[in-house]
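Colleague: predicted coordinates and the sequence they were generated for:
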Amino acid sequence: MASPKPETLQLNSDFRRAYARGKVYTDPALVTYVVKNRAGICRIGITTSKKIGCAVKRNRARRVIRAAAERLPQIEKHVDLVFVARTKTAYQKSTEIAEIMRSQLEKAGVIQHEEG
């Protein structure tokens, strides 16, 4: 059931490219940037700013986003996803964030809408 673990974005230039050229999908708990890449694989990046709170809250927000991303169905190749945590992210469960993620990625056309 679990898809192979996606690559992670690590270079600042990749994040900046996503912010500049990517399509943005927002929610009170999560912001998602979607941009096509030439790498031929799906890459995921997670960012949390100090506005969220102390290191404990930022790390929790990252863990919640990472766990939610693992629940997603197969994601289209050739795409970079950047998930930006918001203040509410640290207080939500990964299942709630996964639903938000799924709806944002369906709007982006990266995953297919599942019936039933």
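Modeller: Looks like it arrived, so ask away.
Colleague: can you name the helix or strand that the most centrally placed residue in the chain falls in?
Modeller: Residue closest to the average C-alpha location in the chain (Cα atoms, centre = their mean): residue 83, at 3.4 Å. Under the criterion DSSP states H and E, the helix or strand holding residue 83 is strand 79-85.
Colleague: next helix or strand past that strand?
Modeller: Sequence-wise, the next helix or strand beyond strand 79-85 is helix 94-108, with elements assigned using DSSP H and E.
Colleague: excluding its own residues, what touches that following helix? List them.
Modeller: Residues outside helix 94-108 that contact it (Cβ atoms under 8 Å, 6 or more residues apart in numbering) are 23, 25, 27, 29-30, 32, 34, 64-65, 67-69, 71-73, 75, 81, 83, 89, 111-113. Heads up, the C-betas are built off the backbone N, CA and C, glycines and all.
Colleague: from the residues you listed, list just the buried residues.
Modeller: In the contacts of helix 94-108, burial by neighbour count holds for 25, 27, 29-30, 32, 34, 64-65, 68-69, 72, 75, 81, 83, 89, 111, counting by 16 or more other Cβ atoms under 10 Å.
Colleague: from those residues, which land in strands?
Modeller: Among the buried ones among the contacts of helix 94-108, DSSP state E puts 25, 30, 32, 34, 81, 83 in strands.
Colleague: would you turn those residues into JSON lines with distance to residue 93 and pLDDT?
Modeller: As requested, these are arranged in JSON lines below (distance: Cβ to Cβ, whole Å; pLDDT from 0 to 100):
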{"residue": "25", "distance to residue 93": "20", "pLDDT": "97"}
{"residue": "30", "distance to residue 93": "13", "pLDDT": "97"}
{"residue": "32", "distance to residue 93": "18", "pLDDT": "97"}
{"residue": "34", "distance to residue 93": "23", "pLDDT": "96"}
{"residue": "81", "distance to residue 93": "20", "pLDDT": "95"}
{"residue": "83", "distance to residue 93": "16", "pLDDT": "97"}
